[in-house]
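Enquirer: My questions concern the predicted model and sequence given below.
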Amino acid sequence: MSAPYIFIPSKEEVKAEILAAKETLEKYGVADWCSCSPTDEPIDWAGYFEGIQKQLNKSGSGQHTGTIVLTDWYPLNRTLVLDSHVELKGAFRAKHHLGSSCGFKAEEGFEGEWVLEWKQPKKNTFYSNFGAGIRNLHIESRDGINGVCFRGAQQSAGVDNLVVRGFGENAVGIKLGGDTYSVRDVFSDAAKGGEDSVARDGAVAFELGSKRVYSLRLENITSHNCETGLKWGDAHQITIENFETELTTQPLVCTWDARGINIRNVCFRHTKNLLKLEKIRWPSESRIKIDGMMADNSPGEIVLPDGSQITTPKSFDLIIEGNSRGVEVIDLQKMRKP
């Protein structure tokens, strides 16, 4: 029987269920089953969740759709792969630490590139993850293991109140693909509680891709202890509002193209860098609007695709756009002054 949502019991409740089942079998003399059953073995929570999602309704693509509600945090020994229209939701808002949150923890010996990953609806379909979601969850990764690879489509999808910590060097905290959904109240930290507060080489807090992303709205997001705060390749009409970075070397990086990137009310701490444009494929079609402040009371620096550097005011209001010859930085504050 299929359902639109499923509630997952806590770890302790599951242990109690297993113990009760064992006692019932022993009561009825099913000793042989008890002796060979792995009732004392660790639970394969990745397998459990991948199995439980099959109880959800099916979508037109043949994959399952609906909401799985977590009431605890659960250890994972490998990547948990979700069907393309599944929403994971904690029973209460995620906190800064895993112990007081619903979510997942990558165990020692974890196998896989990501802790959580959403499927594509079909092999060559990148923009139809309707209904996919991750809300009220804390994800604790391990050094070198990426956190969350999420794909969403349209307003039924989205990310809200997500904390990802502990992914370490050369890993990505949160990767966002698809189109036309919102991402709100998200904290991405390459370190976790008790570890040194310092930027990790190769760590990326937020990445947009891998394919072109359209019409995403990111609001109230934070990067901690990363080399790169937010990186995008091919992005069209993206809004980023209230973006704060701390101990993040390069807050913003564009690697390919920027068409209609609107970045508002940013606050970058512990760095002189503001934006690095590694490449702008079509300069005459590009546009980046950005305003905010460098929080350490020092000017900011923008690196253009040709390697030249532009110094910005401590508080800035800028447009970056171009023509066939390249891109330029326009200081709107300066233009407003008499």
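Expert: Okay, I see it.

Enquirer: Give me the distance between residue 3 and residue 54.
Expert: Distance, residue 3 to residue 54, by Cβ to Cβ, to the nearest Å: 11 Å. The way it works is simple: take the backbone N, C-alpha and C, and place the C-beta from them, glycine included.

Enquirer: Repeat that for residue 19.
Expert: The value you get for residue 19 to residue 54, if Cβ to Cβ is used, is 26 Å.

Enquirer: And for residue 160?
Expert: Counting by Cβ to Cβ, the gap from residue 160 to residue 54 is 25 Å.

Enquirer: How about residue 168?
Expert: Residue 168 is 33 Å from residue 54, by Cβ to Cβ.

Enquirer: Equivalent analysis for residue 308, please.
Expert: Note on residue 308: its distance to residue 54, by Cβ to Cβ, is 55 Å.

Enquirer: what does residue 155 give?
Expert: Per Cβ to Cβ, residue 155 is found 26 Å from residue 54.

Enquirer: now residue 157
Expert: Note on residue 157: its distance to residue 54, by Cβ to Cβ, is 20 Å.

Enquirer: Same drill for the two, tell me which one is more crowded.
Expert: For residue 157 versus residue 54, the count of surrounding residues by other Cβ atoms under 10 Å is larger for residue 157: 25 against 10.

Enquirer: And that one, how far from residue 114?
Expert: Look at residue 157 and residue 114: by Cβ to Cβ, they are 18 Å apart.

Enquirer: Next: residue 326.
Expert: Using Cβ to Cβ, residue 326 is found at 37 Å from residue 114.

Enquirer: quick one: which of the two has more around it?
Expert: residue 114 (22 against 14).

Enquirer: Quick check: that one is in a strand.
Expert: Yes - assigned with DSSP: H, G, I helix; E, B strand; the rest coil, residue 114 falls within a strand.

Enquirer: can you pull the contacts of it?
Expert: 79, 145, 146, 147, 148, 149 (Cβ atoms under 8 Å, 6 or more residues apart in numbering).
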